[in-house]
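*Asks:* quick one, fold the following:
(one chain, ligands or ions: 2)
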Amino acid sequence: QNTIDKIAAGEVVERPSSVVKELVENAIDAGATAVTVEITDGGKKLIRITDNGAGIEADQIPLAFLRHATSKIEKVEDLEQIASLGFRGEALSSIAAVSQVELITKTPSAVSGSRYIIEGGVEHSLEELGAPEGTTFLVRNLFYNTPARSKFLKSDMTEANYIHTLMEQLALSHPEISFKYIQNRQVKLHSAGNYSVKDVIYSVYGRDITKALLDAEFENDFMKITGFVGKPEIARGNRSFENYYINGRYVKNNIITKAIENAYKGFLMQHKFPFVSLQMQMEGNDLDVNVHPAKREVRFAREQEVYEAVYDTVRRALTGKEMIPKVS
Ligand code: ADP
Ligand code: MG
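*Replies:* Ligands and ions are numbered 1, 2, ... in the order given. Now for the predicted structure:
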């Protein structure tokens with residue numbers, strides 16, 4: 001069991017930012033409206049994640065750390081949808097297999113909270129404890145028992161930057177949640193959680209970017225897109241400004257990237273890449289499920305329609321005119 005978990009952990013937990021991603025996604029799934037992430041030393045020493053979500057019942061805690069013991073499958077009738085959203089039930093077991101985890105949690109109905117300690121996949125204790133409603137995970141000394149793996153980690157600064165970028169993406173994809181990110185005791189990001197994407201863009205990118213945005217909107221029977229595209233003058237020399245989200249997840253996809261960049265043709269010089277922040281909604285069964293859930297890549301059943309929708313959205317925002325899209 002423990003060895004299998006350690007091996008499985010390699011799939012899910014590659015670096016500190018993977019721990020943050022999985023635990024924040026759990027907090028979001030638990031209905032949290034505020035999530036605080038605090039790290040020291042690039043997340044190698046300590047990652048602390050606090051949410052105000054539903055909490056975990058005391059008797060459910062050990063189960064949550066078993067592989068494939070997800071509570072989510074029963075809530076989603078469509079198996080394909082489960083796979084596409086990454087409801088796999090292996091994050092907690094994987095993280096606990098390669099670190100020292102302390103969990104403090106309380107549900108609204110419970111009289112007291114619980115504290116659970118599991119290290120290297122071995123349970124140490126489960127006790128009652130006064131605690132606020134919600135959940136706090138402390139993940140200490142990631143890969144302490146898999147030294148080969150820890151050698152692949154980069155410098156504290158680089159690992160911290162991965163987490164910082166991830167937190168920005170999470171904040172941008174969930175404007176309804178207030179995110180706070182603290183790196184070595186310094187607050188690096190604090191979003192309001194007031195549903196305004198523009199306010200999050202302001203928190204993440206600052207005033208000059210926020211002032212140079214054009215509204216983007218699209219809707220047909222297949223997908224809905226809202227968001228912002230940047231004026232050409234705020235373009236960058238790399239693609240880090242091209243961000244889009246599908247059903248609340250930050251994703252990567254070549255078709256969408258191509259549609260965005262083609263829509264900017266004639267507006268940008270070569271080797272310049274635009275600012276876009278697009279929130280897309282579509283039916284789960286139009287998303288291809290045969291992609292690793294821990295990865296950002298997605299594919300579509302109806303690629304051409306996705307291309308045209310994105311191209312049209314961006315082009316109209318830029319030009320104010322209807323355009324006929326074409327694939328190149
Ligand atoms: P999955 O998210 O795929 O269900 P995980 O291993 O990530 O699997 O989590 C296992 C279970 O632990 C979840 O299904 C959920 O019931 C519970 N859980 C984990 N994190 C939280 C949290 N922050 N708040 C409430 N419940 C949580
Ligand atoms: Mg999870």
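
*Asks:* Asp221: neighbour count?
*Replies:* 6 (other CB atoms under 10 Å). The way it works is simple: take the backbone N, C-alpha and C, and place the C-beta from them, glycine included.

*Asks:* now do the phi/psi pair for it.
*Replies:* With angles defined as degrees, to the nearest 10, Asp221 sits at phi -70, psi -10.

*Asks:* could you measure from it over to Asp286?
*Replies:* Distance from Asp221 to Asp286, counting by CB to CB, to the nearest Å: 11 Å.

*Asks:* what sits against the residue nearest the centre of the chain?
*Replies:* In the chain, the centroid-proximal residue (CA atoms, centre = their mean) is Leu170; its distance is 4.6 Å. By CB atoms under 8 Å, 6 or more residues apart in numbering, the contact list for Leu170 reads 21, 24, 179, 250.

*Asks:* so who does Val139 touch?
*Replies:* The contact partners of Val139, by CB under 8 Å, 6+ apart, come to 19, 23, 46-49, 95, 99-101.

*Asks:* that one: what secondary structure?
*Replies:* Three-state assignment for Val139 (DSSP: H, G, I helix; E, B strand; the rest coil): strand.

*Asks:* ok, which stretches of the stretch 1-150 of the chain are strands?
*Replies:* Assigned by DSSP state E, counting those that start in this stretch, the strands in the stretch 1-150 of the chain fall at 34-40, 46-51, 100-106, 113-119, 122-129, 134-140.

*Asks:* ramachandran coordinates for Val187?
*Replies:* Per-residue torsions, Val187: phi -80, psi 120 (degrees, to the nearest 10).

*Asks:* surely it touches Tyr181?
*Replies:* Yes. Under the criterion of CB atoms under 8 Å, Val187 makes contact with Tyr181 at 7.3 Å.

*Asks:* please name the spatially closest residue to Pro132 (chain neighbours excluded).
*Replies:* Lys106 (6.6 Å; CB to CB, 6 or more residues apart in numbering).

*Asks:* picking up where we left off before, for ligand 1, find the nearest of the strands of the stretch 1-150 of the chain.
*Replies:* Closest to ligand 1 of the strands of the stretch 1-150 of the chain, according to CB to the nearest ligand atom: strand 134-140, at 3.8 Å.

*Asks:* so for Glu322, what's the pLDDT?
*Replies:* Looking at Glu322, its pLDDT is 63.

*Asks:* pLDDT-wise, which helix or strand of this structure ranks last?
*Replies:* helix 79-85 (a mean of 49; mean pLDDT, DSSP states H and E).

*Asks:* any weak-confidence spans in the stretch 1-150 of the chain?
*Replies:* The model of the stretch 1-150 of the chain has pLDDT under 70 over residues 1-2, 7-8, 69-88.

*Asks:* interface residues of it facing ligand 2?
*Replies:* Contact residues, the stretch 1-150 of the chain versus ligand 2 (CB under 5 Å from the ion): 26, 91.

*Asks:* one more: the stretch 151-300 of the chain?
*Replies:* The stretch 151-300 of the chain has no residues near ligand 2, with proximity defined as CB under 5 Å from the ion.

*Asks:* where do the helices of the stretch 151-300 of the chain begin and end?
*Replies:* With DSSP state H, counting those that start in this stretch as the criterion, the stretch 151-300 of the chain has helices at 156-173, 197-205, 207-210, 254-263.

*Asks:* can you name every helix or strand that the shortest one contacts?
*Replies:* Here helix 207-210 touches helix 197-205, going by 3 or more CB pairs under 8 Å, 6 or more residues apart in numbering; DSSP states H and E.
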